[in-house]
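Quick one: sequence plus predicted model below, questions after.
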Amino acid sequence: MALVVLYNKKGKKFLVDNQKDFHSDQGLIKKENLKDSGLVKTHTGKKFFLFKPSFIDLFKKIKRGPQILTQKDIGYIIAKTGINKKSVCLDAGTGSGALTFSLSNISKKVYSYEIREDFYKLAQENKEFLQLKNVSLKNRDIYQGIDEEGLDLITLDLPDPHKVLSHAQKALKTGGFLVAYLPQVSQVSTFVKKLKKTSFLQLETTELIKRNWHIDNQRSRPKSRMIAHTAFLTFARKIE
Ligand code: SAH
């Protein structure tokens with residue numbers, strides 16, 4: 001089976017198996033015509049654009065367990081910490097793996113800890129679907145400790161990130177980043193209070209708000225609905 005991406009003229013995207021005919025309300029495309037990138041037409045003459053999926057096309061199809069990090073938050077973590085193909089990262093809890101896999105797409109290696117066996121198995125399935133070779137998933141409680149050392153980045157999306165501070169201090173290299181993703185400001189206060197008692201440098205706590213717009217012939221205005229809140233991101237850095 002090979003997956004291919006099909007876009008219709010309105011920008012609706014389909015990820016389809018090119019070993020099977022594609023059926024849609026806009027007509028049928030025979031599997032023989034799902035091989036080469038470019039313009040393809042259904043039997044009723046409707047246009048579709050075909051190409052091989054990139055990471056993000058497959059990523060959008062991963063199975064969801066707990067709430068995943070949004071792209072706006074993932075993007076800022078990557079920009080703010082500057083991780084790249086030389087970086088070794090650790091993410092916890094894995095959940096569905098959205099952050100783990102996004103980090104793995106641009107870094108050298110990602111370790112990811114998940115306490116729940118069902119989510120660990122779900123993330124394993126997603127890892128296989130994405131065919132990622134540089135991800136090591138572990139079914140374990142990060143509050144009990146971290147095996148790895150010399151890490152460039154630790155990201156924490158779990159309720160009590162302060163319970164990871166002493167482990168992170170040992171596991172990060174000097175100059176490494178620690179990021180906590182917390183939905184409630186009360187959790188941020190607790191985390192920062194504990195962070196201040198360590199030698200971590202407290203960098204910033206921020207909230208990113210993304211507003212999409214309608215831009216077409218009739219409208220050029222913000223959309224009425226938006227995701228008003230995801231979480232606060234708190235950044236710290238190991239300096240000694
Ligand atoms: N960032 C993930 C979503 C994580 S949801 C994504 O983008 O897909 C939070 C996860 O943390 C849950 O799956 C939960 O089971 C896990 N978790 C909670 N406490 C944990 C702990 N002590 N160690 C490891 N995982 C933990």
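Here it is on my side, so go on.

Any idea which residue of this structure lies closest to the ligand?
Proximity to the ligand, evaluated over the chain using Cβ to the nearest ligand atom, is greatest for Gly93 at 2.1 Å. To be clear about C-beta, it is placed using only N, CA and C from the backbone, and glycine gets the same treatment.

Test my guess that that residue contacts Tyr143.
No - applying Cβ atoms under 8 Å as the test, Gly93 and Tyr143 come out as separate, 10.4 Å apart.

These two: who's more crowded?
Gly93 (23 against 15; other Cβ atoms under 10 Å).

before we move on, the earlier item: quick one, what contacts the residue of the chain closest to the ligand?
Pro66, Tyr113, Glu114, Ile115, Arg116, Phe119, Ile142, Asp157, Leu158 (Cβ atoms under 8 Å, 6 or more residues apart in numbering).

Repeat the analysis, applying 10 Å as the threshold.
66, 99-100, 112-116, 119-120, 123, 140-142, 156-159 (Cβ atoms under 10 Å, 6 or more residues apart in numbering).

Which of those fall in strands?
Among the contacts of Gly93, the members falling in strands (DSSP state E) are Ser112, Tyr113, Glu114, Leu156.

any idea how far the last one is from Arg64?
Read it as Leu156. 20 Å (Cβ to Cβ, to the nearest Å).

Quick one: name the residues of the protein near the ligand.
66, 68-69, 92-93, 95-99, 113-116, 119, 141-143, 157-158 (Cβ under 6 Å from any ligand atom).

Among those residues, which lie within helices?
Ala98, Leu99, Phe119 (DSSP state H).

Reformat those residues as CSV; add neighbour count and pLDDT.
Below are those laid out as CSV (neighbours: other Cβ atoms under 10 Å; pLDDT from 0 to 100):
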residue, neighbour count, pLDDT
Ala98, 24, 98
Leu99, 27, 98
Phe119, 19, 98
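
What residue in the protein is the furthest from its centre?
Thr44 (38.0 Å; Cα atoms, centre = their mean).

Tell me the pLDDT of that residue.
pLDDT, Thr44: 96.

list the contacts for it?
Ser24, Gln26, Gly27, Leu28.

are any of the residues you listed buried, and which?
Ser24, Gln26 (16 or more other Cβ atoms under 10 Å).

what's the most distant pair in the contacts of Thr44?
Gln26 and Leu28 (9.1 Å; Cβ to Cβ).
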